[in-house]
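Undergrad: take a look and give me a structure for this.
(2 chains)
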Amino acid sequence: NAGVMQNPRHLVRRRGQEARLRCSPMKGHSHVYWYRQLPEEGLKFMVYLQKENIIDESGMPKERFSAEFPKEGPSILRIQQVVRGDSAAYFCASSSMGTGEAFFGQGTRLTVV
Amino acid sequence: EDKVVQSPLSLVVHEGDTVTLNCSYEVTNFRSLLWYKQEKKAPTFLFMLTSSGIEKKSGRLSSILDKKELFSILNITATQTGDSAIYLCAVTNAGGTSYGKLTFGQGTILTVHP
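TA: Reported below is the predicted structural model:
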């Protein structure tokens, strides 16, 4: 049973470009969470999704950021017109039935140059 | 807003020492508290605690929750260099759309010297 898979592991984007981060949850998990970890800071919640639904996006910046979890395929975190401040590690976690015992992927390290 | 505070922020010990990491929290509708270990990659799940006073144990690691005083401790006995990592404490809220969402503390950086 593969764990949570994220890709790419590292992503470099120039300012103004778009970044797409992908997350495939563990088999049997239908709850996906995205977290951001800025340098020297803890993990901050961004968004919580179930299949085809956004449940809680209270941690998402109001502009440029969006997330989806389609019926088929991975969850996608999309950042439009990236800025240097978006440079961070983005982690995806999944759980079954929202038990709280969430398992994390390896993360995507986004660098904006 | 839910809040988690960990202490100390960093800790340096020698192999064989015992360490205690602290986590205090404020949650409007507490459901669970979780501990994770983060090396240079994904946070790895250690424990989930929901009931007060019941110790969870895995090898040299153990943890206990005090729901009355709103804190948890993580103990590591006979530390090894492989225990060097950031230890993260997180809580979940049982209310509404927050279900399953983790609120993290800032972490404790543990360094174990040979």
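Undergrad: leaving out the residues flanking it, which one is nearest to the spatially most central residue of chain A?
TA: Residue closest to the mean C-alpha point of chain A, counted by Cα atoms, centre = their mean, is residue A:34 at 3.8 Å. Distance criterion Cβ to Cβ, 6 or more residues apart in numbering or on different chains; nearest residue to residue A:34, sequence neighbours excluded, is residue A:46 at 4.4 Å. (C-beta placed from N, C-alpha, C; glycine too.)
Undergrad: dihedrals phi and psi, the one you found?
TA: Per-residue torsions, residue A:46: phi -110, psi -60 (degrees, to the nearest 10).
Undergrad: quick one: residue A:60 from chain B, how far?
TA: Distance, residue A:60 to chain B, by Cβ to the nearest Cβ, to the nearest Å: 12 Å.
Undergrad: I figured that residue hits residue A:47, correct?
TA: Yes. Applying Cβ atoms under 8 Å, one finds residue A:60 in contact with residue A:47, separated by 5.1 Å.
Undergrad: before we move on, back to that, wait, the residue nearest to residue A:34 sits on residue A:60?
TA: Yes. Using Cβ under 8 Å, residue A:46 is in contact with residue A:60, at 5.2 Å.
Undergrad: neighbour count winner among those two?
TA: The neighbour count for residue A:46 versus residue A:60, taken as other Cβ atoms under 10 Å in any protein chain shown, is higher for residue A:46 (22 against 18).
Undergrad: read off the pLDDT value for that one.
TA: Predicted confidence (pLDDT) for residue A:46: 95.
Undergrad: show the contacting residues for it.
TA: Applying Cβ atoms under 8 Å, 6 or more residues apart in numbering or on different chains to residue A:46 gives the contacts A:33-36, A:57, A:59-60, A:65, A:67, A:77.
Undergrad: same thing with residue A:18?
TA: Per Cβ under 8 Å, 6+ apart, neighbours of residue A:18: A:78-82.
Undergrad: was I right to think residue B:73 contacts residue B:19?
TA: No. In this structure residue B:73 lies outside contact range of residue B:19 using Cβ under 8 Å: 10.1 Å.
Undergrad: relative to chain B, which of the contacts of residue A:46 is nearest.
TA: Closest to chain B out of the contacts of residue A:46 is residue A:33 (6.6 Å), distances taken as Cβ to the nearest Cβ.
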